[in-house]
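# what follows is a predicted protein model with its sequence.
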Amino acid sequence: MRVRDVMSTPPLSVHPSTTLRNLAALLIEHRVSGVPVVMQGHVVGVVSAADVVDRERGPDVESRTLRSRLLRRQRRRAVTATTVGEAMTSPPITIDAWMSVYEAAWLMSTYGVGRLPVLDRDLLVGVITRTDLVRCFARSDAEIERDVREKIGVLEAPQVLVASTHGRVALDGEVGSELERRCLPHLVSSVPGVVDVECRVGVRGDRPQSAPVAASANGEGRESRPGV
């Protein structure tokens, strides 16, 4: 599943000259917690409700709960800021519309952000949030099966059968090589909503001795062997 399939569009955005007072009213009106900052069609930062709160909070910015010097500098700017351009986080962490939701989740987790501006040819086309990702991972088994078939299509494995039960995916059938067989669990585990993968796929022309390969949602493969 691609970011463009789940992003919110058209995206709400503000200009760097927008006052924090007007930003607060906008966030409340649209019930969002943050927006991209756009100037001349390009995303130059991201501003959130936290920046407004920091402005109201006053000079107590050296709290031990602040996790880094970079974050403390951002908080100090927000305390005296009157416009979005003065309070925003810049440069922004962004993602391209064609990238996968798996990559969006990785970026949010790695950089500790709750939303990502979505770009197409460097222009803002949408926003994806943690809520959007949660919605992806709560999909039906039918949707998961469809995306798994699309994912393994790169291996040209039409003889592989896919069945999902509460996000637990079972693969049966045959592929053309041992390498393809071992790649399957790792490909499938990156599909949103997949919590476990059991691969009972064999290799065409092989004797039926290939041990089943399984992978959890973190992509770690394991091979099942009799008596182990």
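Nice, I can see it. Numbering: from 1, shown residues only.
# helices along this structure, start to end?
Along the chain, counting by DSSP state H, helices occupy 3-6, 20-30, 49-57, 69-80, 84-87, 101-111, 130-137, 141-152, 178-189.
# pLDDT weak spots in this structure?
Scanning the chain for pLDDT under 70 picks out 54-81, 157, 206-228.
# try it again with 50
For the chain, the stretches with pLDDT under 50 are 60-70, 209-210, 223-228.
# list the buried residues in stretch 147-163.
Neighbour counts over stretch 147-163 (16 or more other Cβ atoms under 10 Å) mark 147-149, 151-152, 155, 157, 160, 162 as buried. Every C-beta, even on glycine, is put in place using the N, C-alpha and C of the backbone.
# can I get that stretch in CSV? Just the C-alpha atoms.
The C-alpha atoms that make up stretch 147-163 are tabulated as CSV, following Å, rounded to 0.1, in the frame of the first residue of the first chain:
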residue,chain,number,x,y,z
ASP,A,147,-2.1,-6.3,-1.0
VAL,A,148,0.0,-9.5,-0.3
ARG,A,149,-0.8,-10.8,-3.8
GLU,A,150,0.3,-7.4,-5.3
LYS,A,151,3.5,-7.5,-3.2
ILE,A,152,4.6,-11.0,-4.2
GLY,A,153,3.7,-10.1,-7.8
VAL,A,154,7.3,-8.9,-8.2
LEU,A,155,8.4,-12.5,-7.9
GLU,A,156,6.1,-13.6,-10.7
ALA,A,157,4.7,-16.3,-8.4
PRO,A,158,1.2,-17.0,-9.7
GLN,A,159,1.1,-20.5,-8.1
VAL,A,160,1.3,-19.1,-4.6
LEU,A,161,-2.0,-19.1,-2.7
VAL,A,162,-2.6,-16.5,0.0
ALA,A,163,-4.9,-16.7,3.0
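# how far off centre is that stretch?
Centroid displacement of stretch 147-163 relative to its chain, using Cα atoms, centre = their mean, to the nearest Å, is 22 Å.
# any idea how far residue 149 is from residue 142?
From residue 142 over to residue 149 the distance is 11 Å, taken as Cβ to Cβ, to the nearest Å.
# quick one on the thing from earlier: ok, so of the buried residues of stretch 147-163, who is nearest residue 195?
The shortest approach to residue 195 among these belongs to residue 148, at 12.5 Å (Cβ to Cβ).
# so what's that closest one up against?
Residue 148 sits next to 162, 164, 169, 188, 191, 194 when contact means Cβ atoms under 8 Å, 6 or more residues apart in numbering.
# how much space separates the closest residue to the fifth one other than its chain neighbours from residue 95?
When you say that, I think you mean residue 191. Spatially, and ignoring its direct neighbours in sequence, residue 191 is nearest to residue 147 (4.9 Å; Cβ to Cβ, 6 or more residues apart in numbering). Using Cβ to Cβ, one obtains 18 Å as the distance from residue 147 to residue 95.
# equivalent analysis for residue 128, please.
Separation of residue 128 from residue 95 (Cβ to Cβ): 7 Å.
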